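Student: got a sequence here, can you build the structure:
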Amino acid sequence: MGYLKALRDIFFPERVDFLDMLLKQTESTLKGVRALKRFMEEPNAFNAGIVKEVESETDDIRLEIIKKLNKAFVTPIDREDIFSLSRAIDDIVDYAQRTVEEMLIYKVEPTPKIRKIVDVLVGATEDIYMAVKNLKEKPEKVLEYVIKAKKAENHIEHIYLEALADLFENKDTIYILKMRELYRHLSNSADRCDEAANVISDVVMKIS
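Tutor: Below is the predicted model:
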């Protein structure tokens, strides 16, 4: 049976819709970032648990993509692009989860600047979701969402620098160190939105 299965896998490989899998992963990441926003509105262990749960679900989807990618003979877009896009999408929610975890450990409350960054981050992740969705449905609309996501990342970088400037006015060194790490995680999450947007742009150029 094992020999026959191996032959079947060679001559009749499983057809995998990687664009659908990437969309599923992006949808899960968006759910995680929206859960991050809920946590910032009500920072408690229950809302933190939701972020962690979604982050774990997103990791599982990424692992499934990697497994199927390693077995696939043909992919709808370059396998390197699938891998890179999946990694960037996964990192968005990973940094969101890390932010929540450390806020609980450090026992700090969200600042207005953190809430503002997260608001923009939700929008950027929504744009990445729409860009991935339209890769299959309407490729001509993809760049519209890519541009919006990149603008959102630039906006977050501006808020991030403002937040650091405000933070360094504080006299409490320990508080500064704690908050700087949190701001950095959110900035990294936004950077991954930008990275995902760049990969999607490359894909559009290759298939157009």
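
Student: hey, let's count contacts and neighbours off CA atoms from now on
Tutor: Noted.

Student: what about stretch 159-175, average pLDDT?
Tutor: Mean pLDDT, computed over stretch 159-175, is 96.

Student: may I have that stretch exported as CSV, CA atoms only?
Tutor: Extracted in CSV, the C-alpha atoms of stretch 159-175 (Å, rounded to 0.1, in the frame of the first residue of the first chain):
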residue,chain,number,x,y,z
ILE,A,159,3.0,57.7,15.6
TYR,A,160,5.7,55.4,16.8
LEU,A,161,8.4,58.1,16.7
GLU,A,162,6.0,60.6,18.4
ALA,A,163,5.3,58.0,21.1
LEU,A,164,9.0,57.5,21.7
ALA,A,165,9.6,61.2,22.0
ASP,A,166,6.8,61.5,24.5
LEU,A,167,8.1,58.4,26.4
PHE,A,168,11.6,59.9,26.8
GLU,A,169,10.0,62.8,28.7
ASN,A,170,9.2,60.4,31.5
LYS,A,171,11.5,60.2,34.5
ASP,A,172,10.8,56.6,35.3
THR,A,173,13.6,54.6,33.5
ILE,A,174,11.9,51.2,34.1
TYR,A,175,8.7,52.4,32.6
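
Student: what comes up buried for that stretch?
Tutor: 159-160, 163-164, 167 (16 or more other CA atoms under 10 Å).

Student: could you tell me which of these belong to helices?
Tutor: 159-160, 163-164, 167 (DSSP state H).

Student: I'd assumed residue 29 was in contact with residue 90.
Tutor: Yes: using CA atoms under 8 Å, residue 90 makes contact with residue 29 at a distance of 6.9 Å.

Student: okay, and the common contacts of these two?
Tutor: Contact criterion CA atoms under 8 Å, 6 or more residues apart in numbering; residues shared by residue 90 and residue 29: residue 58.

Student: neighbour-wise, which of these two wins?
Tutor: Taking other CA atoms under 10 Å, residue 90 and residue 29 do not tie; residue 29 has more neighbours (29 against 25).

Student: who's in contact with that one?
Tutor: Residue 29 neighbours (CA under 8 Å, 6+ apart): 54-55, 58, 89-90, 92-93, 125.

Student: quick one: those as JSON lines, columns for pLDDT and secondary structure too.
Tutor: Shown next, in JSON lines, are the contacts of residue 29 (pLDDT from 0 to 100; DSSP: H, G, I helix; E, B strand; the rest coil):
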{"residue": "54", "pLDDT": "98", "secondary structure": "helix"}
{"residue": "55", "pLDDT": "97", "secondary structure": "helix"}
{"residue": "58", "pLDDT": "97", "secondary structure": "helix"}
{"residue": "89", "pLDDT": "98", "secondary structure": "helix"}
{"residue": "90", "pLDDT": "97", "secondary structure": "helix"}
{"residue": "92", "pLDDT": "98", "secondary structure": "helix"}
{"residue": "93", "pLDDT": "98", "secondary structure": "helix"}
{"residue": "125", "pLDDT": "98", "secondary structure": "helix"}
